[in-house]
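*Asks:* have a look at this prediction, sequence included:
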Amino acid sequence: MGSRLALDDGVYLRNSVQTAAKILVVGHFAVGKTTFIGTMSEIPPLRTEEVMTQAGAGIDDLKGVPGKTTTTVAMDFGRLTLSEKLVLYLFGTPGQQRFVQVWEDMTRGALGALVLVDPERLADSFPVMDLVEQYGIPYAIGVNRFDGTPAHSVEEIREALDLLPETPVVTCDVRDQRSSADSLIVLVRYLQSRLN
Amino acid sequence: MTPSDEPELEHEAAELVRPYVITNGRELPDDSDLSLITLVTVHQNPPRTKPLDPEKLRVMELCSGGFLSVAEIAGHTRLPVGVAKILVSDLTEEGHLCTRAPIPSAQLVDRQILEEVLNGLQARFG
């Protein structure tokens, strides 16, 4: 096929993989979503863009209208092959209300969400938590430990975010693979408990 | 923490009108079940057709190496997700690509998958 876009073997999934699952990593701007995904992913994280058009505007309207602008929303994601048959994708999802188009696509088929919060900017997490709850996605809270920030107790964070008693809150360092994996394990255990 | 690497730096992108030319202005069929994590690869016995458009050819070349998700195809080709989905949908319909559909979401939150995810995470990082 001439010039090849096909990439190194490591880029592709094993042929035995049958099932793809998805967990969302959500949070406000600069909370550490991209770092978390980079820490956990087995491939260099990829970025995709979705073009947002104005509500109700047909695609054809864009043709030949040079003055018209659209907005792109970028999402980062990574991949973790968890067994011969199963691959898990982690999608970093922007938390702004106006990106509902992206949210509908992202949330479809998601197992759950890890909501990353910055203990010093808890109020910034309210819009994304509204979205997660609006879409009915079960979630756990990952409190990203930033350097030099004073520790808030889990109780204080729970109260500030007005969490249900069963919602897990776990502290994590998004730069650390073990710590980040632990927060995913806490989330998955919680998702399991909801089935019982 | 490097805020600059955060993804949601939205920008005005008048130049992105062009991708819609790639899809001839069409949208994804309503009954399409393609998702971001639908797994895709080239068909073993592709049909003989007229030469493919350059963008479709790029997708075919990328997919010739093995299975990738729709999101990864968009990421590697730098096509917007919506455009990549339309190209994959077309190529699948024409018999060039085949897909492994993700399990329907109704069954997704299912004990077995959560257990496999948990076991996998613990085996790798526990």
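*Replies:* Thanks, I have it.

*Asks:* would the helix of greatest length in chain B count as contacting chain A?
*Replies:* In chain B, taking DSSP state H as the definition, the longest helix is helix B:111-125. Yes. Using CB under 8 Å from any CB of the partner chain, helix B:111-125 reaches chain A at B:111, B:113-125. From N, CA and C alone the C-beta is placed, and that goes for glycine too.

*Asks:* buried stuff in that helix?
*Replies:* B:Ile113, B:Leu114, B:Glu116, B:Val117, B:Leu118, B:Gly120, B:Leu121, B:Phe125 (16 or more other CB atoms under 10 Å in any protein chain shown).

*Asks:* who are the contact partners of the fifth one?
*Replies:* Taking CB atoms under 8 Å, 6 or more residues apart in numbering or on different chains as the contact definition, B:Leu118 lies against A:Ile185, A:Val188, A:Arg189, A:Gln192.

*Asks:* are any of those buried, and which?
*Replies:* The neighbour count (16+ other CB under 10 Å) marks A:Ile185, A:Val188 as buried among the contacts of B:Leu118.

*Asks:* secondary structure for the contacts of B:Leu118 - can I get that in CSV?
*Replies:* Putting those into CSV (DSSP: H, G, I helix; E, B strand; the rest coil) gives the following:
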residue, secondary structure
A:Ile185, helix
A:Val188, helix
A:Arg189, helix
A:Gln192, helix
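
*Asks:* tell me the one of the contacts of B:Leu118 nearest B:Leu57?
*Replies:* B:Leu57 has its nearest neighbour among the contacts of B:Leu118 in A:Val188, at 39.8 Å by CB to CB.

*Asks:* now the closest one: how far from chain B?
*Replies:* 5 Å (CB to the nearest CB, to the nearest Å).

*Asks:* quick one on the thing from earlier: just the CA trace of the longest helix of chain B, in CSV.
*Replies:* Provided in CSV are the C-alpha atoms of helix B:111-125 (Å, rounded to 0.1, in the frame of the first residue of the first chain):
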residue,chain,number,x,y,z
ARG,B,111,-20.6,-8.4,37.2
GLN,B,112,-18.3,-10.2,34.9
ILE,B,113,-16.8,-7.2,33.2
LEU,B,114,-16.3,-5.3,36.5
GLU,B,115,-14.6,-8.4,37.9
GLU,B,116,-12.3,-8.7,34.9
VAL,B,117,-11.4,-5.0,35.1
LEU,B,118,-10.7,-5.3,38.9
ASN,B,119,-8.6,-8.5,38.4
GLY,B,120,-6.7,-6.9,35.6
LEU,B,121,-5.9,-3.8,37.5
GLN,B,122,-4.8,-5.8,40.5
ALA,B,123,-2.7,-8.1,38.5
ARG,B,124,-0.9,-5.2,36.8
PHE,B,125,-0.6,-2.7,39.6
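
*Asks:* and the strands in the chain?
*Replies:* In the absence of a named chain, this looks at chain A. Listed in chain order, the strands of chain A (DSSP state E) span residues A:19-27, A:46-52, A:71-81, A:86-94, A:112-117, A:139-144, A:169-172.

*Asks:* ah, I was thinking of chain B
*Replies:* Under DSSP E, chain B gives strands at B:11-12, B:39-42, B:68-69, B:97-100.

*Asks:* closest one to chain A among these?
*Replies:* strand B:11-12 (4.6 Å; CB to the nearest CB).

*Asks:* pLDDT and distance to A:Phe29 for the buried residues of helix B:111-125 - can I get that in JSON lines?
*Replies:* Output for these, formatted as JSON lines (pLDDT from 0 to 100; distance: CB to CB, whole Å):
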{"residue": "B:Ile113", "pLDDT": "90", "distance to A:Phe29": "31"}
{"residue": "B:Leu114", "pLDDT": "93", "distance to A:Phe29": "30"}
{"residue": "B:Glu116", "pLDDT": "94", "distance to A:Phe29": "33"}
{"residue": "B:Val117", "pLDDT": "96", "distance to A:Phe29": "28"}
{"residue": "B:Leu118", "pLDDT": "96", "distance to A:Phe29": "30"}
{"residue": "B:Gly120", "pLDDT": "96", "distance to A:Phe29": "30"}
{"residue": "B:Leu121", "pLDDT": "97", "distance to A:Phe29": "27"}
{"residue": "B:Phe125", "pLDDT": "90", "distance to A:Phe29": "27"}
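
*Asks:* between those residues, which is nearest chain A?
*Replies:* Distances from chain A to the buried residues of helix B:111-125, taken by CB to the nearest CB, are shortest for B:Gly120, at 2.6 Å.

*Asks:* shaky segments in chain A?
*Replies:* A:1-6, A:52-72, A:95-99, A:101, A:146-151 (pLDDT under 70).

*Asks:* mind telling me which residue of chain A is nearest chain B?
*Replies:* A:Leu82 (2.6 Å).

*Asks:* quick one, what contacts that residue?
*Replies:* A:Leu88, B:Glu116, B:Val117, B:Asn119, B:Gly120, B:Leu121, B:Ala123, B:Arg124.
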